[in-house]
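Enquirer: here is a sequence together with a model predicted from it:
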Amino acid sequence: MHLPPLRNIIIPAAAILNNLNLAAAQSSVVGTWSSGVGSVLTGPAFGDPTEANTFIYPNVSGRALSFTSDGYYEEASFLWNSNATDHHCIEAVVIWQHGTYTMNSNGSISTSSEIFAADGRIQVQNACAAQSSVISYYSQAGLYATWAISQWRGKTMLQLGRYDGALLPRMYQISTDPSQYMFPTSLLSNVSATDVTSSSKFRFM
């Protein structure tokens with residue numbers, strides 16, 4: 001049976017979804033999404049974070065998410081942190097990880113990178129720091145308490161909400177086929193999750 005995608009609906013954390021609605025909800029988020037002008041993308045366009053420990057820095061900051069129909073996700077983020085004391089000491093942070101996601105019956109979306117914990121990377125660059133560039137393992141689970149998909153100026157928009165109701169920057173659909181912008185949905189590093197010394201954290205979106 002064909003399930004139409006959800007449109008113009010915000011799913012609050014208090015909502016209870018049955019199996020049919022969960023399937024429709026999952027099908028509606030499948031694809032690749034990017035904030036702003038779409039400079040940040042998941043997949044090889046973001047670099048080779050696992051094998052070469054390298055990133056391709058976009059022209060502007062932003063965030064991208066890809067969701068597959070079988071429950072996998074990928075995340076790429078690039079942000080600047082300003083320094084109020086010294087404006088020359090701007091910090092650049094890039095994050096990449098992948099794993100699985102779940103459409104929960106209460107209307108939220110949870111993500112987990114636990115199965116691919118050895119793949120996630122975070123790089124922090126700051127010319128004023130003792131070590132100007134540091135790259136580390138990165139693995140954080142997350143929770144989006146609300147989400148909505150709607151049409152905005154001819155584009156399909158995904159609006160994610162944090163646990164406290166605050167809305168995250170709008171994301172726009174780059175492709176309905178996430179495989180075009182994703183690495184394989186398998187462990188990419190030649191180390192196991194048990195070899196990762198950094199501790200995993202939970203992030204409430």
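Expert: Nice, I can see it. All values reported here derive from a predicted model rather than from experimental measurement.
Enquirer: after the longest strand along the chain comes which helix or strand?
Expert: Longest strand of the chain, by residue count under DSSP state E: strand 91-103. Downstream of strand 91-103, the first helix or strand assigned by DSSP states H and E is strand 109-112.
Enquirer: helices and strands around the helix or strand that that next one is followed by, which ones?
Expert: Per DSSP H and E, strand 109-112 leads on to strand 121-125 as the next helix or strand towards the C-terminus. Counting contacts by 3 or more Cβ pairs under 8 Å, 6 or more residues apart in numbering; DSSP states H and E, strand 121-125 is packed against strand 91-103, strand 133-137. To be clear about C-beta, it is placed using only N, CA and C from the backbone, and glycine gets the same treatment.
Enquirer: could you pull up the mean pLDDT of stretch 133-142?
Expert: Per-residue pLDDT over stretch 133-142 has a mean of 91.
Enquirer: helix or strand for Trp147, which one?
Expert: Per DSSP H and E: strand 146-152 holds Trp147.
Enquirer: tell me which residues of that strand come out buried.
Expert: Thr146, Trp147, Ala148, Ile149 (16 or more other Cβ atoms under 10 Å).
Enquirer: pretty sure Ile149 sits against Lys155.
Expert: No - with contact defined as Cβ atoms under 8 Å, Ile149 does not count as touching Lys155 (11.1 Å).
Enquirer: how far away is the spatially most central residue of the chain from His88?
Expert: Among the residues of the chain, the one closest to the centroid is Glu75, at 2.9 Å (Cα atoms, centre = their mean). Using Cβ to Cβ, to the nearest Å, we find Glu75 at a distance of 30 Å from His88.
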